[in-house]
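1. Predicted model and sequence below, questions to follow.
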Amino acid sequence: MQKNEVRKAIIPAAGWGTRFLPATKAQPKEMLPIVDKPAIQYTVEEAVASGIEDIIIVTGRNKRAIEDHFDRALELEIILKEKGQEELLHLIEDISNLVDIHYVRQKEALGLGHAVYCARKFIGDEPFAVLLGDDLIDAQVPCLRQLLDIYEERRAPVLAIQQVPEEDVSRYGIIRPAALEDSASLFRVEDLVEKPAVGEAPSRYAVIGRYIITPEIFDIIETLPPGAGGEIQLTDALCRLAKRRPIYAYLFSGERYDVGDKLGFLEATVKFALGRPELGRSFLGFLRKLVLENHEDGGEMDAGESGGRSQQGAAVPPARWR
């Protein structure tokens with residue numbers, strides 16, 4: 001009998017991170033820091049803040065640093081305790097006590113759908129969440145919690161979406177939405193297309209890295225042929241699932257940063273640094289000085305413009321749940 005409560009989450013983390021070479025030659029891209037915290041920790045904290053009890057991280061080769069980060073560091077704890085650095089000691093201890101984390105290896109890079117399939121034995125017959133670490137979302141209510149609220153009401157899969165510029169549709173899975181009379185931000189998914197060509201996309205509503213999915217997806221993935229890029233695409237599996245049962249897409253509230261992209265990574269770093277009480281004022285002063293010096297040197301930097309990959313959902317409230 002299929003269970004209804006969402007207690008488990010999958011975080012795929014098996015990619016090579018080639019866009020950040022040479023920094024990712026010897027360390028996982030998921031461990032690159034946003035200020036002083038690895039990117040993947042923000043994703044784990046979002047899952048925990050949303051009520052998730054168990055997380056499985058799908059890893060690949062050279063990802064041991066992720067496991068080490070969420071494990072205890074006894075030698076470091078002893079050193080910090082001996083030095084009387086209690087604040088840092090508690091910080092380190094809290095990381096290993098965040099949530100129960102499990103690991104499974106994706107032996108071949110066969111796509112996101114295959115990465116999710118690797119976790120099937122851990123998930124069993126329960127609905128589950130998927131969070132992609134490349135999407136860092138700053139929101140007053142965690143993005144995943146927003147999706148879980150929709151799931152608890154509709155008892156059906158829910159995808160987080162945002163509108164993207166037309167020229168960017170080929171970078172995403174794009175939905176064909178059907179409007180619902182009772183909501184301006186919730187849609188019924190009629191179809192999904194992975195990375196459509198510009199001019200062929202069914203909408204500008206892109207699926208971003210937060211999903212609530214029911215376990216029948218595993219049977220679909222098992223027989224799914226390779227799709228875009230020769231990989232097993234989760235979007236293709238969700239498209240088939242949408243033919244069997246209702247799937248919903250939610251225009252989430254919050255601000256999303258693509259930290260798998262260099263510019264998005266830098267934007268997230270600046271945004272989160274400015275939000276830190278011990279850094280924000282001094283860092284803002286540095287940025288203002290930098291803009292002023294550039295202007296005086298005849299540069300064209302415009303502090304009011306952004307050419308990056310951060311994207312907004314329905315609203316951008318301050319982040320208070322971290």
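-> Perfect, thanks for sending it.
2. Tell me where this protein has strands.
-> Assigned by DSSP state E, the strands in the chain fall at 8-13, 33-34, 37-38, 54-59, 100-105, 128-131, 135-138, 158-163, 173-180, 183-194, 205-213, 248-251, 255-258, 311-312.
3. Any figure for the gap between residue 136 and residue 16?
-> Separation of residue 136 from residue 16 (Cβ to Cβ, to the nearest Å): 19 Å. Just so you know, the C-beta spots here come from the backbone N, C-alpha and C atoms, and that holds for glycine as well.
4. Out of these two, name the residue with the larger neighbour count.
-> Neighbour tally, residue 136 and residue 16, criterion other Cβ atoms under 10 Å: the higher count belongs to residue 136, 27 against 15.
5. list the contacts for residue 86?
-> For residue 86, the contact set (Cβ atoms under 8 Å, 6 or more residues apart in numbering) comprises residue 80.
6. Of all the helices and strands in this protein, which has the lowest average confidence?
-> Least confident helix or strand of the chain, by mean pLDDT, DSSP states H and E, is strand 311-312 with a mean of 52.
7. Tell me, how many residues neighbour residue 225?
-> Each residue near residue 225 was counted by other Cβ under 10 Å, and the total is 8.
8. hang on, I meant residue 68
-> Neighbour tally, residue 68, other Cβ under 10 Å: 11.
9. ok, it to residue 28 distance?
-> For residue 68, the distance to residue 28 - Cβ to Cβ - is 11 Å.
10. Does residue 33 touch residue 39 like I think?
-> Yes: under the criterion of Cβ atoms under 8 Å, residue 33 makes contact with residue 39 at 7.3 Å.
11. higher neighbour count, the two?
-> More neighbours surround residue 39 than the other of residue 33 and residue 39, with 23 against 10 (other Cβ under 10 Å).
12. And the closest residue to the more buried one other than its chain neighbours, how close does it get to residue 272?
-> Leaving out its chain neighbours, the residue that sits closest to residue 39 by Cβ to Cβ, 6 or more residues apart in numbering is residue 259, at 5.2 Å. Note on residue 259: its distance to residue 272, by Cβ to Cβ, is 10 Å.
13. Give me the more crowded residue out of those two.
-> residue 259 (27 against 21).
14. Show the contacting residues for the more buried one.
-> Listed by Cβ under 8 Å, 6+ apart, the contact partners of residue 259 are 32, 34, 39, 133-136, 265, 268.
15. Can you tell me which of the residues you listed comes closest to residue 207?
-> For these, the minimum distance to residue 207 (Cβ to Cβ) is 10.2 Å, reached by residue 135.
16. Could you find the closest non-adjacent residue to that closest one?
-> In space, and not counting its chain neighbours, residue 135 is closest to residue 209: 3.5 Å by Cβ to Cβ, 6+ apart.
17. Could you check the pLDDT of that neighbour?
-> Looking at residue 209, its pLDDT is 94.
18. And residue 181, by the same measure?
-> 72.
19. do you know how far it is from residue 239?
-> 24 Å.
20. what residue ranges in the stretch 1-150 of the chain are flagged as low confidence?
-> Where the stretch 1-150 of the chain drops to pLDDT under 70, the residues are 1-3.
21. Mind doing that once more with 50?
-> Applying pLDDT under 50 to the stretch 1-150 of the chain flags residues 1.
22. Sketch out the helices for it, chain order is fine.
-> Assigned by DSSP state H, counting those that start in this stretch, the stretch 1-150 of the chain shows helices spanning 39-49, 64-70, 74-82, 86-96, 112-117, 120-123, 143-154.
23. Let me know which of these is tucked in deepest.
-> Scoring the helices of the stretch 1-150 of the chain by mean neighbour count under mean count of other Cβ atoms under 10 Å gives helix 112-117 as the most buried, with a mean of 24.
24. other SSEs contacting that helix?
-> In terms of contacts (3 or more Cβ pairs under 8 Å, 6 or more residues apart in numbering; DSSP states H and E), helix 112-117 is packed against strand 8-13, helix 217-222, helix 234-244.
25. quick one, the longest one and strand 158-163 angle?
-> On the basis of axes from the mean of the first three to the mean of the last three Cα atoms, to 10 degrees, helix 234-244 is oriented at 120 degrees to strand 158-163.
26. Okay, angle between helix 234-244 and strand 8-13 too, please.
-> Going by the same axes, to 10 degrees, helix 234-244 makes 150 degrees with strand 8-13.
27. if you average pLDDT over helix 234-244, what comes out?
-> For helix 234-244, the mean per-residue pLDDT is 93.
28. Please identify the buried residues of that helix?
-> Buried residues in helix 234-244, counted by 16 or more other Cβ atoms under 10 Å: 234-242.
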